[in-house]
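Enquirer: this is a predicted model, with the sequence first.
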Amino acid sequence: MKIHEYQAKEIFRKFGMPVPEGEVATTDNEVGRIADRIGKPVMVKAQVHVGGRGKAGGVKYAESAHRAWEISKEILGMDIKGCIVKKVLVTEAVEIASEAYIGMIIDRAAKKPVMMASPAGGVDIEEVAATTPERIMKLYVDPLLGLQNYQALKLARFIYDDIKIARKASQVIMQLYRAFMYVDASLAEVNPLITTPDGEVLAIDAKINIDDNGLFRHPDIEAMRDLDEEDPSETEAKNAGLSFVKLEGNIGCIVNGAGLAMATMDTVKHFGAEPANFLDIGGSSNPEKVINAMRIILKDSNVKAILFNIFGGITRCDDVANGIVAAVKELNPPVPIVVRLTGTNEEEGRKILEEINLVATSSMEDVVKKAIELAA
Amino acid sequence: MAIFLKKKNKVIIQGITGRDGSFHTKQMIDYGTRIVGGVTPGKGGEKVHGVPVFESVEEAVKETKADTSVIFVPPKFAVDAIYEAVDGGIKLVVCITEGLPTLDMLKVYHYVKLNGVRLIGPNCPGIISPGLSKVGIMPARIHKRGKVGVVSRSGTLTYEVVNALTEKGIGQSTVVGIGGDPIIGTNFMDCLVAFNEDASTEAIVMIGEIGGTDEEEAAKYIKKKVRKPVVAFIAGRTAPPGKRMGHAGAIISGGKGTAEEKVEALNAVGIPVADLPAQVADIMAEKLSKIKKRQKSKTTREVKKKNARK
C-alpha cells in the first residue's frame, strides 16, 4: 500500500526524525490559513501517489501566505500523470546547503533489509544507481540483529565529511530503520535529506510503502489508505476478497489462482488479443465471489467477452458453475461468456452450466481462442 | 527416490481442527501420507479423522516422532507456528498459509537456516512425491509417479502443467510448490540442487513468474552444474509494472523482475521457455525421447563393442 508524503512524515515524526513543520489541506483557504500560521515562506506540495510531482509543476515555493493561497488554486485539481490533486502539503520552506539520499528496501535475493545512502540527493535514485553506482553505499541489515549504530554512522560518513553532521545524520538513519521495521514497510526513503546552512539535518521529503501482509497489525496505517488514489474497481474487488488489476484489453478473465490468471492473460496475448484484467477468485469457491467478479468486469465497457478458466483443486467446479449461473441470472451480461472447467467435480459443473446453455470446454487454449473469436 | 519428501516422512498438521486443516488431513490420509498427529492448542486429546490432536508441536513430536509438519493456521498465527515447529524438532515445515508479513519472513528465513530445517512456502500448495507421499493441498489424481522434477512459484498453474505432463504419460518424481511470496523458505536454486543430485529425477520443469531474480539465479546455476534437461514456463508476460498480480511476490518493481528478463536469462543458457503452459509437456516429451535415443544408441554401441571383442 502506498501512503502520501504527509502521512509518511507523520510516521517519521513519531520516530523522532527532524521534519519541517507542515500541515495538509484540501482547499485554497485552508492553505492560506496554514501558511499564515507558519508565518514564513512555504512550499505547497501536491499529494498524489505518483513520482515526478516537481517536474509536473505540483511542488511550488510561496514567499507569503497570500502567494501560497494563489498557488494552491493552480495545484489543487491539477492532473499529474492521470492523478487529480485533491490534497496539498503546506510546509515550511527551508534553506538548503546540501542534498543527500537515504532509503531502505528489502533485498529479495539476499533475504535482508538493505539501507542505502548517497550524497546525490534530490534526484531519481534509480538513475543514480544506473549511471553512477559508486555514489550509493548499501549496507545489509541482519534481520535477527537489526541495524547497528556503527553501520548508520558508516552510511552517514559516506555522505558527510563533517563528523558533527554525520553523527546527526546517523541518528536519522537509525530512526528511519526503526520506522521501517515498526510499520512493516517495504520501502522507506528520504529524498532529499538536507543540511541547512547552520548544520541542521532535515528530512524534507518522505516516502513509505507498506507491505500489505503486515497491515492486519496496523489499523492506524490501514486508515491512511486514500481511496481516491486507487482504481475504484480494484477497491471493490479487494473488499469482495478478489485480487484484481485492470488492464486495457477487451477479454475479461476470471481465473482461480494468481499464476494461472497471469498465464491466462499471456495466452490471450499469445493468440493475438489483449486481456481486460487480471482476476483471481482465490481458493474458495463461494458463488458470491463469482457474482462479484462478473459485476466488476462488466463495469468495464471495453470488455467484449468474459472467459472463465477454472482448474479445480480446493476450488470445486460445481461451486463455480453455480456462481456463474447465479451471476448470469442476476446480471444478465450483454457479452458472451465462455467457460473452461477441469478438476474437482468437473462433471457436476458441466451439468449445472447446461441450465443456461453454456458448454464448458476442458482445454485452456480452446477457451481462450473461443473468447477471442466471440469478442471480434 | 524423490526430493525432500519420502514415503517414510511422519507428518503432523498444525491447525488440524480448522476447516482447511481437517479437509486436507483426510485428503492426505487417503493418498497414503503417514499422518501421525495434529496440533491445536486447547484441543489436545481430541481426534480428527482418527488422528490424535496434541496441545503443542513439542508434545506431538515427543509422542509420535514426527519429522514433518504442514501449517494451515491463519496468517496472524502462522509465523509463530513455524517457530514452534522448528523449536519442536521438526525437520521439514510446509506452510500453506498466505499473508505472512515480509519482515517476519526475513527473520524466519534465517532462523530456519540456522537450525538446519527446510521450510517450503509460505503461500504455497505444498509438496508431493507421487506414489509416495503428499503434504499439501494439490489434487492428487493429476499426478503420476515418474522421473520429472517440477518446481513452481504457483498453485493452479502448476496443476495445469502437471496435468499436461501426466496426460502425455510423463510422470513426476517430486512436485514442489515453493510459494508466491517475496521471501520463501525454499527457492528455485534449492530445488534445482536437490533434483540435480536425485538419481530418480531425469529432467526438470521450472515454473516461474514475474518479480524478483530467482529465475535468473537459477539459470546461472543450471549453466554451471545441471546436465539434466530443463524446460521452463514464465507467467506474467502481460503484467503491467508496479502492480501486485495476486501473489505478494509477483510484482515488477523499478523495472526489475519482468518476464522478458527471465525468459532471456533462461534462453541464454539453453533452456527452452514454453509460450503456453501445456507446451511444457510437448517440449519435455521431445527432450525425454532424445535421452532415450541416446541411451539406446549407447547400449547398442556397447553391445557392438562387446560383440567385436568376442
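Expert: Received it, and whenever you're ready, just let me know what you need.
Enquirer: show me the helices in chain B, by range?
Expert: Remark: helices of chain B, listed N- to C-terminal, are B:19-31, B:57-64, B:75-87, B:102-114, B:156-167, B:188-197, B:214-225, B:259-268, B:279-309; assignment by DSSP state H.
Enquirer: how about the stretch 151-300 of chain A?
Expert: Using DSSP state H, counting those that start in this stretch, the helices of the stretch 151-300 of chain A run over A:163-183, A:219-222, A:232-239, A:258-270, A:287-298.
Enquirer: got those helices as JSON lines, with distance to residue B:7 columns?
Expert: The way it works is simple: take the backbone N, C-alpha and C, and place the C-beta from them, glycine included. As requested, the helices of the stretch 151-300 of chain A are arranged in JSON lines below (distance: least, C-beta to C-beta, whole Å):
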{"stretch": "helix A:163-183", "distance to residue B:7": "43"}
{"stretch": "helix A:219-222", "distance to residue B:7": "46"}
{"stretch": "helix A:232-239", "distance to residue B:7": "43"}
{"stretch": "helix A:258-270", "distance to residue B:7": "29"}
{"stretch": "helix A:287-298", "distance to residue B:7": "38"}
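Enquirer: quick check: which of the ones you listed is nearest to residue B:158?
Expert: With respect to residue B:158, and counting by C-beta to C-beta, the nearest of those is helix A:258-270 at 7.3 Å.
Enquirer: what packs against that closest one?
Expert: strand A:251-255, strand A:277-280, strand A:305-312, helix A:364-375, helix B:156-167, strand B:203-209, strand B:230-235 (3 or more C-beta pairs under 8 Å, 6 or more residues apart in numbering or on different chains; DSSP states H and E).
Enquirer: now for residue 31: which residues touch it?
Expert: Just going to use chain A. With contact taken as C-beta atoms under 8 Å, 6 or more residues apart in numbering or on different chains, residue A:31 is in contact with A:25, A:44, A:68, A:69, A:71, A:72, A:88, A:90.
Enquirer: that was the other one, I meant chain B.
Expert: With contacts defined as C-beta under 8 Å, 6+ apart, the neighbours of residue B:31 are B:133, B:134, B:140.
Enquirer: isn't the last one up against residue B:26?
Expert: No - counting by C-beta atoms under 8 Å, residue B:140 sits too far from residue B:26 to count as a contact (11.8 Å).
Enquirer: hang on, the earlier thing: which of the helices of the stretch 151-300 of chain A is buried the deepest?
Expert: helix A:258-270 (a mean of 27; mean count of other C-beta atoms under 10 Å in any protein chain shown).
Enquirer: just want the angle from that helix to helix B:259-268.
Expert: Between helix A:258-270 and helix B:259-268, the angle comes out at 90 degrees (axes from the mean of the first three to the mean of the last three C-alpha atoms, to 10 degrees).
Enquirer: just give me the neighbour total for residue 144.
Expert: Using chain A here. 12 (other C-beta atoms under 10 Å in any protein chain shown).
Enquirer: wait, I meant chain B there
Expert: A count of neighbours around residue B:144, defined by other C-beta under 10 Å, yields 18.
Enquirer: now it: closest residue in space, sequence neighbours ignored.
Expert: Spatial nearest neighbour of residue B:144, excluding adjacent residues (C-beta to C-beta, 6 or more residues apart in numbering or on different chains): residue B:171 at 4.0 Å.
Enquirer: contact partners for the one you found?
Expert: Residue B:171 makes contact with B:130, B:143, B:144, B:145, B:146, B:147, B:148, B:165, according to C-beta under 8 Å, 6+ apart.
Enquirer: kindly report the same for residue B:227.
Expert: Shown here is residue B:227, whose contacts under the criterion C-beta under 8 Å, 6+ apart are residue B:196.
Enquirer: cool, the one 10 residues further on as well?
Expert: Contacts for residue B:237 were tallied using C-beta under 8 Å, 6+ apart; they are A:266, A:269, B:259, B:260, B:263.
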